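A.B. asks: output the structure for:
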Amino acid sequence: MISVRFNTEEEKYLKEYAKLKGISVSQLIKDSVFDKIEDELGLTEEEEQALAEYDESKGRPLDEFWAELGI
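C.D. replies: Here you go, the predicted model:
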């Protein structure tokens with residue numbers, strides 16, 4: 001688990017935007033981070049789908065996942 005601290009104003013904006021999108025704040029942050037990673041790495045659609053489905057809690061370390069994608 002990762003914790004991120006936001007000031008009151010930032011938290012308010014996050015909550016309002018998440019509500020507007022119909023998702024949790026956690027999902028909003030997670031989606032935003034992975035979108036940023038995908039954009040910067042220039043992933044293919046197939047790689048983006050694999051990243052979206054990746055779940056480290058299932059026992060596969062992230063470094064192995066990146067290696068599978070050749071990143």
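A.B. asks: poorly predicted segments of the chain, please.
C.D. replies: Scanning the chain for pLDDT under 70 picks out 54-60, 71.
A.B. asks: all helices of the protein, in order?
C.D. replies: Taking DSSP state H, the helices of the chain run over residues 8-21, 25-41, 45-53, 62-69.
A.B. asks: adding distance to Ile2 and mean neighbour count, write those helices out as CSV.
C.D. replies: Yep, even glycine has a C-beta here, placed from its N, CA and C like the rest. Shown next, in CSV, are the helices of the chain (distance: least, C-beta to C-beta, whole Å; neighbours: other C-beta atoms under 10 Å):
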stretch, distance to Ile2, mean neighbour count
helix 8-21, 15, 12
helix 25-41, 9, 13
helix 45-53, 17, 12
helix 62-69, 12, 12
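A.B. asks: quick one: closest of those helices to Met1.
C.D. replies: Met1 lies closest to helix 25-41 among these, at 10.3 Å (C-beta to C-beta).
A.B. asks: elements contacting that closest one?
C.D. replies: Applying 3 or more C-beta pairs under 8 Å, 6 or more residues apart in numbering; DSSP states H and E, we find helix 25-41 packed against helix 8-21, helix 45-53.
A.B. asks: could you tell me the angle between the first one and helix 25-41?
C.D. replies: Going back to what we said before, that points to helix 8-21. 90 degrees (axes from the mean of the first three to the mean of the last three C-alpha atoms, to 10 degrees).
A.B. asks: again with the last one
C.D. replies: Angular relation of helix 45-53 and helix 25-41 on a 0 to 180 degree scale: 150 degrees, by the same axes, to 10 degrees.
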